[in-house]
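Enquirer: Any chance you can model this:
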Amino acid sequence: MKIITISDTHGCHRELELPEGDVLIHAGDICNQGDKDQVKDFIEWFDELKYPYKIFIQGNHDRDLLQNKKSLIPEKLPDSIIYLNDSFCIIDGLKIWGSPFYEEDETIEWEFIPDDADIVITHNPPYEILDRAPSGNLRGLKKLKKRIQEIRPQLHLFGHIHVSYGQMKIGNVTYINPSNYNAVPAKIVNPPIIFNTQNKE
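Expert: The predicted structure follows:
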């Protein structure tokens, strides 16, 4: 199964050049600075894309700025779109789990991610893995990293730290940060990253 991964488009989703694939996954920050019109436009654009499956989660920018914890994601979405919010779906026998952005708070244990998840999508990165900010600080979460190492999914997909775009494999887990957007200049600068799943034994 060919998965196209994107993240952190910040309202510039229509600039993307998307390859063909079976599943399109967006790892959060569909809009810039809590812009409701950009959320609406993203949903319309996402709905029109000709992928068999389309999945997304909420990033930290996908919130009402006046009520920081209030999501701007509408309750009712087109049937063609799968929105994961600490929940999962199963595609081609693979369990895909998605969690929204959590503040950089190490009190969260991440035990709610199921042991049998084959693909995990979070907006937060794990510690020391594609999480280095422009300041040089590591912004990933240690307890998220620990949970991923316990579960060992095929893929951990995340975004949030734009300058750490890329992928790496540690053991049997592929980590992908496909952040597409860069604030300076404010546009899409990175292409989607493709991941091909392995058949379950």
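
Enquirer: in the protein, which residue is closest to the centre?
Expert: For the chain, the residue nearest the mean C-alpha position is Ala27 (1.4 Å; Cα atoms, centre = their mean).

Enquirer: Show the contacting residues for it.
Expert: 5-8, 56-57, 59, 121-123, 157-159, 178 (Cβ atoms under 8 Å, 6 or more residues apart in numbering). Every residue, glycine included, has its C-beta placed from N, CA and C.

Enquirer: Find the nearest non-adjacent residue to it, please.
Expert: With sequence-adjacent residues excluded and distances taken as Cβ to Cβ, 6 or more residues apart in numbering, Ala27 is closest to Ser7, at 3.7 Å.

Enquirer: try Lys145
Expert: Lys145's closest residue in space is Pro126 (Cβ to Cβ, 6+ apart), at 3.6 Å.

Enquirer: what does Asn85 give?
Expert: Nearest non-adjacent residue to Asn85, counting by Cβ to Cβ, 6+ apart: Pro100, 5.8 Å away.

Enquirer: Which residue ranges of this protein form helices?
Expert: 36-48, 142-151 (DSSP state H).

Enquirer: Among the ones you listed, which comes closest to Pro74?
Expert: Proximity to Pro74 (Cβ to Cβ) singles out helix 36-48 among these, at 6.9 Å.

Enquirer: what about that closest one, average pLDDT?
Expert: For helix 36-48, mean pLDDT is 98.

Enquirer: so what does that helix touch, helix or strand wise?
Expert: The contact analysis (3 or more Cβ pairs under 8 Å, 6 or more residues apart in numbering; DSSP states H and E) places helix 36-48 against strand 53-56, strand 81-83.

Enquirer: So which of those is the most surrounded?
Expert: strand 53-56 (a mean of 22; mean count of other Cβ atoms under 10 Å).

Enquirer: Direction included, what does it pair against?
Expert: Counting by DSSP bridges, the strands paired with strand 53-56 are strand 23-26 (parallel), strand 81-83 (parallel).

Enquirer: For Pro125, grab the count of nearby residues.
Expert: Taking other Cβ atoms under 10 Å as the criterion, the count of residues near Pro125 is 26.
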